[in-house]
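Colleague: with the input below, show me the fold.
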Amino acid sequence: MNKELLILKRKKAKELHEIGWSNREIARQLRASKNSVGKWVRMDEREVLIDNRGWEKEASRKYAPETKQQIIRIREDLEKEDSYFIGSEVVRKNYENQTGEVVTKSYVDRVLKDAGLVRSPQKKKKGRSKYMKYPEYTLTKLGKRMMSIDFIGPKYLKGSDNRINFLSCKYIRPEKLGIVKRIDGQTTEQAIRILEEIWVTHPIPEILKIDNDSAFGANLPHEKHIGKLAFFLLNLGVYPLYIAPRSPWNNGQVEGFNSVFSKKLS
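Modeller: Predicted coordinates for the structure are as follows:
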């Protein structure tokens, strides 16, 4: 069917529909399928004149190529910032905050997958779980009082482009207590400021469990260097316990708390 004939049939279908003809009657009159007629009568005046047949396979008819590139850039920027939250839902919200345009999660999923930015779940290997539990059965049993900290963010309030960061603090024992404080940025100085503030009214732990974020003093250029946070902790008699690299599940207590907080915030 050529384009001119297709447009004529669409216009005729809408005319017959407006005077009360059923889709079945219109389909019989125009020698078209009932499904096609159903689509035609729902089209607006602009859509009636557009012929999308022959559209490039896999190309999105709803979103422009610039949308795809922006989604990829947002995902890459989140990874550069070492953000723990880099999933498609976070990318989608960042895109909408930055552009003011709505995009579906399924489209973001497809873009990230096509760009190779989705990490496929690895198959379980025998013995791995036992190995990863090593800190849980030894080092994490040290001390009567243990606390864990982690950064949350950046987050965005609806209708605002301003980044918001938090420091999440979770007492693991003897009591379980979660505390979240807003910070100006994910820096060592901000982490120390919040800990000083919390420890005025809450007990100072013997062990502070932290991940390998550079702001927490991990990955220093020389093994003899002591980061500002570690120096601050040791002066208070607090021992920093760094979890295994790239293993956030080893800091599961605070990560779980962060997940609940993030869901409530969004």
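
Colleague: so the closest residue to residue 182 other than its chain neighbours bridges to which residues?
Modeller: Excluding the flanking residues, the one nearest residue 182 by C-beta to C-beta, 6 or more residues apart in numbering is residue 166, at 5.6 Å. Just so you know, the C-beta spots here come from the backbone N, C-alpha and C atoms, and that holds for glycine as well. Beta bridges link residue 166 to residue 152, residue 182, judged by DSSP bridges.

Colleague: and residue 172, which of the three is it?
Modeller: strand (DSSP: H, G, I helix; E, B strand; the rest coil).

Colleague: oops, could you answer that again for residue 148 instead?
Modeller: strand.

Colleague: hmm, residue 209 and it touching each other?
Modeller: Yes - the pair residue 148 / residue 209 is scored as a contact, 4.0 Å apart, by C-beta atoms under 8 Å.

Colleague: residues near residue 242, how many?
Modeller: 20 (other C-beta atoms under 10 Å).

Colleague: dihedrals phi and psi, it?
Modeller: phi -80, psi 130 (degrees, to the nearest 10).

Colleague: show me the beta-bridge partners of it.
Modeller: According to DSSP bridges, beta-bridge pairing links residue 242 with residue 210.

Colleague: all helices for the stretch 1-150 of the chain, in order.
Modeller: In the stretch 1-150 of the chain, the helices defined using DSSP state H, counting those that start in this stretch lie at 3-18, 23-30, 34-42, 45-48, 65-80, 88-99, 105-114, 128-132, 134-137.

Colleague: return the most buried member of those helices.
Modeller: helix 88-99 (a mean of 18; mean count of other C-beta atoms under 10 Å).

Colleague: just checking, what packs against that helix?
Modeller: Helix 88-99 sits against helix 65-80, helix 105-114, with contacts defined as 3 or more C-beta pairs under 8 Å, 6 or more residues apart in numbering; DSSP states H and E.

Colleague: how far off centre is the shortest one?
Modeller: Relative to the centre of its chain, helix 105-114 is centred 13 Å away, using C-alpha atoms, centre = their mean, to the nearest Å.
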